[in-house]
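# The following comprises the amino acid sequence and a computationally predicted model.
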Amino acid sequence: ELLRSGQLRGIGVSNYTVPHMKELLEYSTTGPPSVLQSEFHPRCHQADVWEFCEKHDIQFMGYTPLGRQDLFNKPTVRNVAEKYGITPSQVLLKWGLQKGAVTIPRSSNPDRNVENATSWTDGVTLKQDDMDLLDTLNDDHRYCWNPNLL
C-alpha cells in the first residue's frame, strides 16, 4: 500500500534464496523488491541468486564483504593486495564492487572506516585475472546464518 501510494520508493528483502524469491514474486502485488541484501565475499558468491537478481532487475547488496577478517590471511588475497599496493580489506571490497554489488563493510575502528572508504576512490581497479583468482576461493562458506536451511 505504501509503495503504491508513493510513500515508499522501494522495498528490499534480506537473505532470500532463489526459491524464496520465486515464492515472493508469486504472491507479490507490487513486483520484485528493489534490493536483496545477502552475504557476499570471495568465499560465498551465490551465483544463482545473482543471476536471479539480474534477470529481475533487483540490486544485489552484499554484507560481510570482509569475511570476518579471516579472508585477510588467505595467501590469494594477500598476494593480490601486495601486487596493487593496497590492503587485503581494499582487495575484498574492490572484488565485490567490481562484481556489481553494493557492499556494506563495517568496523568500529575509525581508521579502518577511512581505509574501507578509499576503496571507492583510490583509482585502483583489479585486473580480470586477479578477479578470477579471487573467485577460486568460493566454497559457499557462510560466516553468518545460512538461509538455505530454512
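Thanks, I have the structure now.

# looking at this, Tyr16 is in a helix?
No: assignment of Tyr16 by DSSP: H, G, I helix; E, B strand; the rest coil gives coil, placing it outside any helix.

# what about the closest residue to Pro32 other than its chain neighbours, how many neighbours?
Once flanking residues are discounted, Pro32 sits nearest to His56: 4.5 Å by C-beta to C-beta, 6 or more residues apart in numbering. Quick note: C-beta positions are derived from backbone N, CA and C, even for glycine. For His56, the count of nearby residues is 14 (other C-beta atoms under 10 Å).

# How about the one 4 residues further on?
By the other C-beta under 10 Å criterion, the neighbourhood of Phe60 contains 21 residues.

# Would you mind measuring from it to His45?
11 Å (C-beta to C-beta, to the nearest Å).

# ditto for Lys127
Lys127 is 19 Å from His45, by C-beta to C-beta.

# Check Val35 too.
Taken as C-beta to C-beta, the span from Val35 to His45 is 18 Å.

# Please work out the average pLDDT along stretch 37-48.
For stretch 37-48, the mean pLDDT works out to 93.

# For the residue nearest to the spatial centre of the chain, list the residues it contacts.
The residue lying closest to the centre of the chain (C-alpha atoms, centre = their mean) is Gly62, at 2.4 Å. When contacts are counted by C-beta atoms under 8 Å, 6 or more residues apart in numbering, Gly62 touches Gln37, Ser38, Glu39, Phe40, His41, Gly96, Ala101, Val102, Thr103, Ile104.

# try Val35
Gly10, Gly12, Val13, Ile58, Gln59, Phe60, Met61, Val102.
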